[in-house]
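Trainee: Predicted model, plus sequence, below.
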Amino acid sequence: MAETDKYTTPLRPEQVLVYQQWKNKYAPKDSGQDYDLQGAFTAGLTPDPKTGHWKDTYKKPNHPTFSNQSKYAVGEDANYAGRWEGETYIPPTIRKKDIPEIKAILAGEGANDPLGWDALLNTYAKDIRPGETLVEAMRRNSSAFKSKSIQYKKYLSGQLTGLEKIVDMGIDHKVRNFKPNSKWEYTYHESPTANKAYHNDPNKMIEILKQKWGNNVDFTTPIKIGRQYYFKKSQPNKSRIKALKKGGKK
């Protein structure tokens, strides 16, 4: 019986039997859950005889190496497509299957507004290691994930009520449309000692952060979200850039 869904090419009734024969020959153990086998069949594709790999053309968004070469890498799903550099797969920042866990971590960290979600997502994004995705960086750094906090588990299970459902809708929109923004490149998380030092002597804390981050940070407008302070990157000095372009001193 032919399958039909958004990511599966429909078959005409007279194609079904031939498709089943084709599938038994080329993909007998493949469920087609993450690859549009019916699409490959109608296009006359077969797996590489040496490696057994299929072309990216019919990979679905939930495929581990879903790339921009897939016909389904369009619209919102284009955000979840990675890319190939030679034989190396470069994953996207966010994979579609990771969205529920990303939302649960944000909720578990106590961020309940768009500014907080944006700041936390960008803070985690700047810490992504080569070959990692956003959720993997979040797992390494999130206390909510490591402790499996009540909010984390609740949002991951989807058992939400009242205001939680509204918050979840907002987080979902933010995650699905997330693009890393360099203005959140620098963040500072309070420890009890640092918290006291910051509030009792802000200038002292700024001096400590200046030693840590140098002159690339705008320390004049810190934004506090929960127990974290976020600082924007300093804007490039336009006169200095012009001087460099003209061959002036650095």
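Mentor: Perfect, I can see it now.
Trainee: drop to CA atoms for contacts and neighbour counts, all remaining ones
Mentor: Noted.
Trainee: Which parts of the chain are helices?
Mentor: 16-26, 37-42, 99-108, 114-125, 134-141, 143-147, 150-157, 163-176, 192-200, 202-213, 238-245 (DSSP state H).
Trainee: Quick one: closest of those helices to residue 53.
Mentor: helix 16-26 (10.8 Å; C-alpha to C-alpha).
Trainee: give me the low-pLDDT residue ranges for this protein?
Mentor: 1-4, 111-112, 182-200, 202, 223-228, 235-250 (pLDDT under 70).
Trainee: quick check: domain ranges of it?
Mentor: According to automatic domain parsing, the chain comprises the domains 13-90, 96-182, 186-233.
Trainee: pretty sure residue 69 contacts residue 56?
Mentor: Yes: proximity of residue 69 to residue 56 meets the contact threshold set by C-alpha atoms under 8 Å, at 5.8 Å.
Trainee: Now do the contacts for the residue nearest the centre of the chain.
Mentor: Closest to where the C-alpha atoms of the chain average out (C-alpha atoms, centre = their mean) is residue 94, at 2.4 Å. The neighbours of residue 94, taking C-alpha atoms under 8 Å, 6 or more residues apart in numbering as the test, are 79-80, 133-135.
Trainee: at 10 Å instead, please
Mentor: By C-alpha atoms under 10 Å, 6 or more residues apart in numbering, residue 94 lies in contact with 79-82, 102, 125, 132-136, 175-176, 178-179.
Trainee: any idea which of the residues you listed is closest to residue 65?
Mentor: Residue 65 has its nearest neighbour among the contacts of residue 94 in residue 82, at 6.9 Å by C-alpha to C-alpha.
Trainee: list the contacts for that closest one?
Mentor: 61, 64-70, 73, 89-95.
Trainee: circling back to that earlier point, most neighbours, which of the contacts of residue 94?
Mentor: residue 81 (28 neighbours; other C-alpha atoms under 10 Å).
Trainee: and the residue nearest to it when sequence neighbours are not counted, how far is that from residue 175?
Mentor: The shortest distance from residue 81 to any non-neighbouring residue, by C-alpha to C-alpha, 6 or more residues apart in numbering, is to residue 67 (4.4 Å). With distances taken as C-alpha to C-alpha, to the nearest Å, residue 67 is found 19 Å from residue 175.
Trainee: same question, residue 13
Mentor: 40 Å.
Trainee: I'd assumed residue 142 was in contact with residue 127.
Mentor: No: assessed by C-alpha atoms under 10 Å, residue 127 is found out of contact with residue 142, at 11.7 Å.
Trainee: distance of residue 27 from residue 6?
Mentor: Residue 27 is 21 Å from residue 6, by C-alpha to C-alpha.
Trainee: OK, contacts around the residue nearest to residue 81?
Mentor: Under the criterion of C-alpha under 10 Å, 6+ apart, the neighbours of residue 67 are 56-61, 73, 78-84, 89-92.
Trainee: Of these, keep whichever come out buried.
Mentor: Listed as buried from these are 56-61, 73, 78-82, 90-92; burial here means 16 or more other C-alpha atoms under 10 Å.
Trainee: Just give me the closest of the residues you listed to residue 41.
Mentor: residue 58 (10.2 Å).
Trainee: wait, that closest one sits on residue 44?
Mentor: No: between residue 58 and residue 44 there is no contact under C-alpha under 10 Å: 12.0 Å.
Trainee: which residues are common contacts for the two?
Mentor: residue 38.
Trainee: Let me see the contact set for residue 220.
Mentor: Residue 220 is in contact with 206, 231-232, 234, counting by C-alpha under 10 Å, 6+ apart.
Trainee: would you turn those into JSON lines with distance to residue 116?
Mentor: Listed next are the contacts of residue 220 as JSON lines, based on distance: C-alpha to C-alpha, whole Å:
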{"residue": "206", "distance to residue 116": "22"}
{"residue": "231", "distance to residue 116": "13"}
{"residue": "232", "distance to residue 116": "14"}
{"residue": "234", "distance to residue 116": "21"}
